[in-house]
Every structure is written in C-alpha cells, then in structure tokens.
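**Q** Curious how this folds, go ahead:
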Amino acid sequence: MRVLHTVGSLAASHGGPSRTIPALCNELASLGTHVELVTQDLGPEYGSSLLPENCAVRSHKVSKPRALPSSSAFHASLLDVCRGGKIELLHDHGMWLLTNHAAARVATRLGLPRVVSPRGMLAPWSLAHQAWKKRLVWRLFAGRETHSATLLHATSEQEANDLRELSLRQPIAVIPNGVDLPPPFGETRHVEDRRLALFLSRIHPKKGLPNLIEAWSRLRPDDWRLLIVGPDEAGHKAELEALIREHGLGNAIGFGDPVSHGGKWEVYHRADLFVLPTHSENFGVVVAEALACGVPVITTRGAPWAELEEERCGWWVEIGVEPLAAALSDALSRDRERLRSMGRRGRELVERRYVWPVIARRMQAVYAWLLDGNDRPETVRMD
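**A** Residues are numbered from 1 along each chain as shown. Predicted coordinates for the structure are as follows:
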C-alpha cells in the first residue's frame, strides 16, 4: 500500500496531533506500508516541526506563504508527491484549513480514496469556539468535502457519535491514538515531602484549569502540591495566576516550564496523580501517557476515558468544580500504595490497547479494506 498523509502543521506548539500523526506514520512504515507525509513549515515562531526521523517515512515540508493565505503551494506539492510516489490513498488530518481543502481537491482530481481524521475539531465544544468562522468555512468548502470523504477516522466512540450528529453517513473507523511506552525508571519513585498532582498539557481555556484551581481551593490539602506544566496559549496562564493569587494558593499550586517529548517522562514519573479537567478531547493522549507511567488519572467526561473506572485506574467525572472536587477528595485521601496499584493497572491497560504497533495494525487493516476489498475490520462502523 502507498499512502499519503497530509496535515496543516506539525509544530510542537499545536498540541497532541503534532506527535501522534508522525508516530502513526512511523509505525505504519515499520509495518511495510509506503508512507509519505506532507505538512507546512509555519516558520520558527511556531517551533520546530515534529517530523519522523530515522524511519521509512518520506516527509515533505511546504513553506507557508507570507502574504495572503493560499493553498496553491500545498496543492502543487500534493500533486507532485501523489504522482511521483504512485500514491493509492490520501489520509488528511484536521479541519478548517486551506490545506484540508487542497487535500480534498487533489484526491478528487486523481480519483483517490480519502480518509479524514477531524482530530476532535468537529466536537461540540470545538464547533462552539469561534463558531462564526467555522460556520463560514463549513459553507464554503469544509462541509461538502467532509461529506464526500470515503471514510472518517475517529479516535473514540464519542467522537464517532459527534460525527453522526452532523449527519455524516460514510463509514467511520474508530481507532484511538497510540502512545510510546516510557523508558524504564525502575519501581522506585522519588518521594517528596508533599505528594504531587500533575497537569501536563496546553494551558488553554479548553483544558478546564479554572475548575481545577477552584476545586483545589475547596480542599486545600496540606500534604499535596499541584503542578501545572505546558505551553501558554492566548495569555491564559496570566488568568490562572490571578485566580491562584485570589485564592491564596501560591504555595500550593505552581507552574513548570514546557517540557520536551523526552523530558516529559521524568515529570510524569515524579507525579502521584494526574489530572486533566478538560471540557473536550477527542482522545486525550496525556491520559494514556500518564497511565503508561503508572500514574492514576482523574479526567472528565469531556474525554473518552470510561476505561479509567472500568479498569480501576482512575476517576471519570462530569465537567465542573463539584464533581472534580469530589474525585480529588477521594484520590488525595488514598495512600501511596493504593494509588500505585491503580497506576499499575493503568500501565497494563496501555500495554494491551494503546501501544503504537497495535494502533498501526488496525489502521493498516482499514486501508486494506478500502483498497483491496478485504473483510471489513471490526473497527469500522457503518451505522
């Protein structure tokens, strides 16, 4: 199989897809799929692109025009790669961008099946954010082109349900993101005077951090500290710092600098508990990473992680201060060994269901179904 993946950006500052898309491409290539990847180079102000290295993926970066937005350079690059690489299938990631428009046009022009991964951008919360812009783009091209995709890829059943709510009726492959397993740290964790609850993700209004700070203020646990780690977006960190000062929590809640992909594992390893109080996630790769490090997790029903309760490795609660405070009260009252037992069950869950070789084989089976008429994989929903 010869597959082209397209994405508007892989800048490190653009969140989880910047890591999960290259990782998926890398693993597909290791399984024998011919994979090429085209993305934009947005410039140094966005950080380096996280393109795969030392693997069989052929990657292409297209310079973004500095003047008016244009998809012409991206369109031309896609045509060249498709023709030169004898591409059989195009897999486009994301929504709303002219690069997505270019990918749809190229697939139509060359008669290629097109898989679209919205990456959470069609979830209700995301649609409500800057809604007028998205309604305009939907009318101009995104709606027509999403409806005409050969297959949609959702990373959870909840995301698949959101797509059906938009009257999208083509097949949907429900395949989660994968996660790398961390390097071995041994069984011994560093024990600090106060135990550590960790948030590690973008500091963005979608992540629900004001709710976490309000919940922490109600509990004020003497023997715990909350650490918030991640890149600031749109000045949201300053709003949180003001809220922390208002509640007099300066000694209880701190911020850490953003960490590299390799450096994050040490931060996870220091934590006794991971908290993601999000309003909306199509997957929530940080949840899987925390579990891979043996750290139990609290997250909301804005993230598709019912398994936290099913597998007894965390708490899955409604969005809001009250349910978050209740889950925190339960978690913070547990001794270290009980929390570590939960974390071990979480690690076993990740090893069974969420490592990249498992995920890539599922995606490869979907491609084979589309191209060769193989039996429909059980991951594909027709309803």
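
**Q** going forward, measure contacts and count neighbours with C-alpha atoms only.
**A** Fine.

**Q** How is R340 classified with respect to secondary structure?
**A** What DSSP: H, G, I helix; E, B strand; the rest coil gives for R340 is helix.

**Q** got the contact list for it?
**A** 272, 294-296 (Cα atoms under 8 Å, 6 or more residues apart in numbering).

**Q** Quick one: the residues you listed as CSV, columns for distance to G256, pLDDT and secondary structure too.
**A** CSV is the format used below for those (distance: Cα to Cα, whole Å; pLDDT from 0 to 100; DSSP: H, G, I helix; E, B strand; the rest coil):
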residue, distance to G256, pLDDT, secondary structure
D272, 16, 96, coil
G294, 21, 95, coil
V295, 18, 97, coil
P296, 20, 98, coil
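
**Q** which of those residues sit farthest apart?
**A** D272 and G294 (9.0 Å; Cα to Cα).

**Q** Show me the shaky parts of the protein.
**A** Residues of the chain that meet the criterion pLDDT under 70 lie in 12-15, 42-56, 64-71, 185-192.

**Q** Please identify the helix or strand for R225.
**A** Assigned by DSSP states H and E, R225 belongs to strand 224-229.

**Q** Does anything pack onto that strand? Which helices or strands?
**A** strand 195-200, strand 253-256 (3 or more Cα pairs under 8 Å, 6 or more residues apart in numbering; DSSP states H and E).

**Q** Now the element after the shortest one, going C-ward?
**A** The C-terminal neighbour of strand 253-256 among helices and strands, as given by DSSP H and E, is helix 264-270.

**Q** Sheet partners, orientation included, of the very next helix or strand once past that next one?
**A** Next helix or strand after helix 264-270 toward the C-terminus (DSSP H and E): strand 273-276. Using DSSP bridges, the strands paired with strand 273-276 in its sheet are strand 195-200 (parallel), strand 297-300 (parallel).

**Q** and those strands as TSV, adding mean neighbour count and distance to A242?
**A** Output for the strands paired with strand 273-276, formatted as TSV (neighbours: other Cα atoms under 10 Å; distance: least, Cα to Cα, whole Å):
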stretch	mean neighbour count	distance to A242
strand 195-200	22	18
strand 297-300	26	24
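
**Q** With distance to E351 added, can I get those strands in TSV?
**A** Formatted as TSV, those follow (distance: least, Cα to Cα, whole Å):
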stretch	distance to E351
strand 195-200	21
strand 297-300	16
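
**Q** Can you check which of the ones you listed gets nearest to K264?
**A** The nearest among these, by Cα to Cα, is strand 195-200 at 8.5 Å.

**Q** what's P182 in contact with, if anything?
**A** P182 sits in contact with 265, 292-293, where contact means Cα under 8 Å, 6+ apart.

**Q** Next: R361.
**A** R361 touches 28, 31, counting by Cα under 8 Å, 6+ apart.

**Q** Good, wrapping up.
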